[in-house]
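A.B. asks: coords please:
(one chain, ligands or ions: 1)
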Amino acid sequence: MAIVRTKICGITSVEDAVVAAEAGADAIGLVFYRPSPRAVDVRQARAIVAALPPFVTTVGLFVNASRCEINETLDAVRLDMLQFHGDESPADCDGYHKPWYKALRVKPGIDVRAHAGEYQGASAILLDSYVAGVPGGTGESFDWSLIPRDLSQPLVLAGGLNPENVERAIAQVKPYAVDVSGGVEVRKGVKDADRVRDFVRRVRGWV
Ligand SMILES: O=C(O)c1ccccc1N[C@@H]1O[C@H](COP(=O)(O)O)[C@@H](O)[C@H]1O
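C.D. replies: Residues are numbered from 1 along each chain as shown. Below is the predicted model of the structure:
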């Protein structure tokens with residue numbers, strides 16, 4: 001059985017980053033989108049990244065950010081990958097000399113395969129729930145039967161995942177990785193250490 005990778009997104013403190021890393025998360029996500037309750041600035045992000053042990057991937061999440069803002073963030077913070085979670089075109093995502101992946105928000109009627117196929121430069125495609133007016137981090141799951149089996153890029157499953165449903169999600173979707181934010185929080189922007197550990201254990205099949 002393939003190992004499924006875990007990303008814990010929306011980390012806003014050193015403490016939560018260390019919990020995620022010690023739990024066995026493969027990646028942590030830092031939200032550079034000011035309207036989000038999970039947004040961090042570059043000073044917070046630098047402190048979080050500095051506290052991480054080796055081999056934990058740092059992902060910067062952007063929503064329709066300007067090239068200038070992304071480049072300034074990359075100059076200030078050691079980010080390994082970029083997650084584009086807005087309406088960015090394939091061209092908008094290229095040119096940062098970093099691996100990147102694109103989030104697509106799924107609702108009935110969307111042709112996921114065709115949409116994903118436009119992002120040939122992406123290291124992966126992340127599928128999240130569509131909620132009108134909110135780009136992500138909604139805690140809402142979507143109908144996993146809408147996911148095509150034969151995407152050409154690795155699939156990162158997101159949207160309303162939590163320790164209670166992640167094993168079912170993995171069994172049904174067989175993603176490359178899972179990404180969680182709200183499902184392992186005490187409140188928006190603050191992780192629940194026990195739920196983070198429980199989530200990672202379940203993804204790894206340790207329970
Ligand atoms: O976390 C946020 O606040 C956020 C804001 C804007 C875009 C994306 C955001 N988070 C990402 O949304 C998905 C699903 O989150 P959840 O588990 O349903 O809460 C995940 O990829 C987060 O990284």
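A.B. asks: Quick check, pLDDT for the residue nearest the centre of the chain.
C.D. replies: What sits nearest the mean C-alpha location of the chain, by CA atoms, centre = their mean, is residue 179, with 4.7 Å. As predicted, residue 179 sits at a pLDDT of 98.
A.B. asks: And for residue 194?
C.D. replies: Reported pLDDT for residue 194: 98.
A.B. asks: Now for it, which secondary structure element holds it?
C.D. replies: Here residue 194 sits within helix 193-204, counting by DSSP states H and E.
A.B. asks: From residue 84, how far out is residue 90?
C.D. replies: Look at residue 90 and residue 84: by CB to CB, to the nearest Å, they are 10 Å apart. The way it works is simple: take the backbone N, C-alpha and C, and place the C-beta from them, glycine included.
A.B. asks: Quick one: list the elements packing against the one helix or strand in the chain whose mean pLDDT sits lowest.
C.D. replies: Sorting the helices and strands of the chain by mean pLDDT, DSSP states H and E puts helix 112-117 at the bottom, at a mean of 95. Where contact means 3 or more CB pairs under 8 Å, 6 or more residues apart in numbering; DSSP states H and E, helix 112-117 is packed against strand 100-106.
A.B. asks: Name the nearest residue to residue 201, sequence neighbours excluded.
C.D. replies: residue 207 (4.9 Å; CB to CB, 6 or more residues apart in numbering).
A.B. asks: follow-up on the earlier one: residue 90 and residue 84: which has the busier surroundings?
C.D. replies: Each of residue 90 and residue 84 has its neighbours counted (other CB atoms under 10 Å); residue 84 has more, 24 against 13.
A.B. asks: which ones are touching that one?
C.D. replies: 62-63, 92-93, 100-103 (CB atoms under 8 Å, 6 or more residues apart in numbering).
A.B. asks: surely residue 23 meets residue 194?
C.D. replies: No. Taking contacts as CB atoms under 8 Å, residue 23 lies outside contact range of residue 194: 9.8 Å.
A.B. asks: Which of the contacts of residue 84 has the largest number of neighbours?
C.D. replies: Result: residue 102 is most packed of the contacts of residue 84 (other CB under 10 Å), 26 neighbours.
A.B. asks: Could you say whether residue 30 sits in a helix, a strand or coil?
C.D. replies: Following DSSP: H, G, I helix; E, B strand; the rest coil, residue 30 is assigned to strand.
A.B. asks: swap that for residue 136, please
C.D. replies: Once three-state DSSP is applied, residue 136 turns out coil.
A.B. asks: which stretches of the protein form helices?
C.D. replies: For the chain, the helices defined by DSSP state H cover 14-23, 42-51, 67-76, 90-93, 112-117, 166-173, 193-204.
A.B. asks: which one of those helices lies closest to residue 36?
C.D. replies: Closest to residue 36 of the helices of the chain, according to CB to CB: helix 42-51, at 12.9 Å.
A.B. asks: Report the contact partners of residue 72.
C.D. replies: residue 42.
A.B. asks: That'll do, ta.
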